[in-house]
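Participant: need a structure here:
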Amino acid sequence: MTCLQVVENTYITKPQEHEKFRAGEVIRAVKALLEERLKGKKYDSSESAQLSKELCTEIKEKVKEIGVPRHKLVVQVTIGEVQGQGVRITSRCLWDTETDNHASAYYTNPHLYCVAMSARLRCY
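Facilitator: Here you go, the predicted structure:
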């Protein structure tokens, strides 16, 4: 015979202070990851798609380690070749300004640039 514990629903819809997305901490972690993975690399168009996917996965894992419960993570990584051009990367999203947030970081060397964007959307 097992004893079941019945727990009442809390109906908490807003994150508590310790559950909020800490963008500064995420930016530092992502910058360190990009530096570690891309230092000294040259741009190779045939490798960029796979490298972008790997970086997305690693960034998701880093953000999960930082620990933000009840959220949906969206990560976008763009890698390109440096040829003296200017680049603007933007994104749009409809979200709750009280609970959702984002962090972005970039890395550049003489051969390539990389922009990583991580958005955290609260699941209700």
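
Participant: Just the buried residues of stretch 80-90, please?
Facilitator: Gly80 (16 or more other Cβ atoms under 10 Å). All C-beta spots, glycine's among them, are computed from the backbone N, C-alpha and C.

Participant: Endpoint to endpoint, it covers what distance?
Facilitator: 15 Å (Cα to Cα, to the nearest Å).

Participant: One more: stretch 71-91?
Facilitator: First residue to last in stretch 71-91 (Cα to Cα) measures 19 Å.

Participant: buried ones in the longest helix seen in the chain?
Facilitator: Secondary structure assigned by DSSP state H gives helix 45-66 as the longest helix of the chain. Neighbour counts over helix 45-66 (16+ other Cβ under 10 Å) mark 48, 51-52, 55-56, 58-59, 62-63 as buried.

Participant: From these, pick the one nearest Met117.
Facilitator: The closest of the buried residues of helix 45-66 to Met117 turns out to be Ile59 (Cβ to Cβ; 9.3 Å).

Participant: roughly how far apart are that closest one and Leu33?
Facilitator: 7 Å (Cβ to Cβ, to the nearest Å).

Participant: for Val82, same thing?
Facilitator: 20 Å.

Participant: can you give me the helices in this protein?
Facilitator: With DSSP H as the criterion, the chain has helices spanning 23-38, 45-66.

Participant: Turn these into a markdown table, columns for mean pLDDT.
Facilitator: Below are the helices of the chain laid out as a markdown table (pLDDT from 0 to 100):
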| stretch | mean pLDDT |
| --- | --- |
| helix 23-38 | 94 |
| helix 45-66 | 93 |
